[in-house]
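1. Build the 3D model from these lines:
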Amino acid sequence: RRVPVAGRGRPVWEGRRPDAIIPAMVRGDPLKSLLRAGVLAVAALGLAACAPFASLRHKPPPPPPPLPPPKPEVPLAGATHDFIVPPEDDVVGLVQVTVASKEDTLPDIARRFNIGYEEIVRANPGVDPWLPGEGRRIHLPTQFVLPDAPREGVVINVAAMRLFYYPARRKGAPVRVITHPIGIGKVGWATPEGETKILSRIKDPVWIPPVSVRKEHAKDGDILPAKVPAGPDNPLGRHMFRLGWPSYLVHGTNKPYGVGMRSSHGCIRLYPEDIEILYDSVPIGTKLRVVNQPYLLGWKGGALYVQAYGPMEDDKRDWKHGPKGLRRQGAKSKSPLWSRIRDADAGIDWDRAYELSQAHTGIPNPVMKATPVEPAAVLAAAPVVRNALPKGATWDGNEDQYADEATFRELVSEREPAASGAKPAAVR
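-> Purely as a prediction, here's the structure:
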């Protein structure tokens, strides 16, 4: 029988060609054929409905987690030699920390940050100067209590082995100080203390070794020539100042790693890059004052700081009480520093000052009763800086005269040339 199409009453094959009709419907029961087609459609829909669940069973792996943000770059240190002195303060710079590389020695790091050899060794007790070790934290003693002296011209503190230059300024202008490490006279050839002036400057000086120095070298089998021309073998370096003291000079060196040690005949030596800058900036006639202050007291932000270098071995003064001894001496001083210390005496922890002074690290520490600070806390709070030349560094990093350990040991025992044509003067 005929099966009408729903809603129309016409056969499903009406109007179609016979060869286009599904064979199963021609040969068999049309109703069964329709039922079979419906089952197939429902099965297809079922398979389609299962597809999402199959995709859940085989979903792609999650994307990798995002990369962590890059570590912030360790900042460069600021200039460690040129400062503006804040009003009412006696302390400039700040203590810093850097991290040694595999190739570093302490003398390498010292020159990089404009520090002397003894300064960096003192600030890092127990660290091997020639093999500090990769990753070792190195304390940089780049904070300085200014010497108790007029802030004019050139002031040298032999106990600290450091020079301070105060350029002339207009009235009312801030005080500026430029400071560099120095080498000084060894025991028996001490750099004199007192006041003199810079009389002249000479570039590429010729060294005429005094007879006494030539004899000393001859005893060790080192025959010095009568005259050493300018050049890399000249121990005076390329720049030199003559002083009012005839037998003493301020000059460079051909052995930079001797800076920061007591290894001269009394002359004052600087890194080549530092003396070059002073040579061009310090006027002839500038006053030069040499002091010997192993314990320094100074104010910073309302707190008194102590910086202890310790007395030199040929210093005959009684320093067994350290800063507490200075307290007695300062009771009669008319300097602004000691006037302020006397006014604040009740708030100063003098016992603490004495304890700190025994370490001789050269790291300034505050000594106020109201705000006690441990030395370890001072170092822990020090900013970490990149182990690279600071901003505005005087050195360009050119390793022109590298000293290995054997050469360095020789520097310790070497004799510094006195002024050309003159015998060393008596120690003053």
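2. Which SSE is immediately downstream of the lengthiest strand in the chain?
-> Ranked by residue count under DSSP state E, the longest strand found in the chain is strand 194-203. Downstream of strand 194-203, the first helix or strand assigned by DSSP states H and E is helix 211-219.
3. so what strands line up beside the following helix or strand past that next one?
-> Note on helix 211-219: by DSSP H and E, the next helix or strand toward the C-terminus is strand 239-243. Each strand that strand 239-243 pairs with, and the sense of that pairing, follows from DSSP bridges: strand 194-203 (antiparallel), strand 249-251 (antiparallel).
4. Flag every buried residue along the longest strand of the chain.
-> Buried positions in strand 194-203, judged by neighbour count with 16 or more other Cβ atoms under 10 Å: Thr196, Lys197, Ile198, Arg201, Ile202. Every C-beta, even on glycine, is put in place using the N, C-alpha and C of the backbone.
5. closest one to Pro372 among the strands paired with strand 239-243?
-> Taking Cβ to Cβ as the criterion, Pro372 comes closest to strand 194-203 out of these, the separation being 38.4 Å.
6. still on that earlier bit, tell me the mean pLDDT over the longest strand of the chain?
-> pLDDT averaged over strand 194-203 equals 98, rounded to a whole number.
7. again, but for stretch 109-120
-> 98.
8. tell me which residues in that stretch are buried?
-> So stretch 109-120, judged by 16+ other Cβ under 10 Å, has buried residues Ile109, Ala110, Arg111, Arg112, Phe113, Asn114, Ile115, Gly116, Tyr117, Glu118, Glu119, Ile120.
9. quick revisit: got the strands paired with strand 239-243 as JSON lines, with distance to Pro209 columns?
-> Rendered in JSON lines, the data for the strands paired with strand 239-243 read as follows (distance: least, Cβ to Cβ, whole Å):
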{"stretch": "strand 194-203", "distance to Pro209": "17"}
{"stretch": "strand 249-251", "distance to Pro209": "13"}
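10. Could you point out which of those strands sits nearest Ala370?
-> Taking these one by one with Cβ to Cβ, strand 194-203 is closest: 38.6 Å.
11. which residues sit against the closest one?
-> When contacts are defined by Cβ atoms under 8 Å, 6 or more residues apart in numbering, strand 194-203 is touched by residues 154, 238-245, 250, 279, 282-290, 428.
12. Just the buried ones among these, please.
-> So, by 16+ other Cβ under 10 Å, the buried ones in the contacts of strand 194-203 are 154, 238-243, 245, 250, 279, 282, 286, 288-290.
13. Going by distance to Gln358, which of those residues wins?
-> Nearest to Gln358 out of these is Val290 (Cβ to Cβ; 25.7 Å).
14. For that closest one, grab phi and psi.
-> Val290 has phi and psi values of phi -110, psi 120 when expressed as degrees, to the nearest 10.
15. now it: how far from Ala226?
-> Applying Cβ to Cβ, to the nearest Å, one obtains 31 Å for the distance of Val290 from Ala226.
16. With Leu389 instead?
-> Separation of Leu389 from Ala226 (Cβ to Cβ): 40 Å.
17. out of these two, which sits in the busier spot?
-> Set side by side, Leu389 and Ala226 show unequal neighbour counts under other Cβ atoms under 10 Å, the larger going to Leu389 at 17 against 8.
18. and the more buried one, helix, strand or coil?
-> coil (DSSP: H, G, I helix; E, B strand; the rest coil).
19. May I have the phi/psi pair for it?
-> Dihedral angles for Leu389 - degrees, to the nearest 10 - are phi -60, psi 130.
20. Would you mind measuring from it to Arg262?
-> In this structure, Leu389 lies at 27 Å from Arg262, with Cβ to Cβ as the measure.
21. Likewise for Arg238?
-> In this structure, Arg238 lies at 23 Å from Arg262, with Cβ to Cβ as the measure.
22. Name the nearest residue to Val378, sequence neighbours excluded.
-> Nearest in space to Val378, with sequence neighbours left out and distances taken as Cβ to Cβ, 6 or more residues apart in numbering, is Asn365 at 5.7 Å.
23. All set, thanks.
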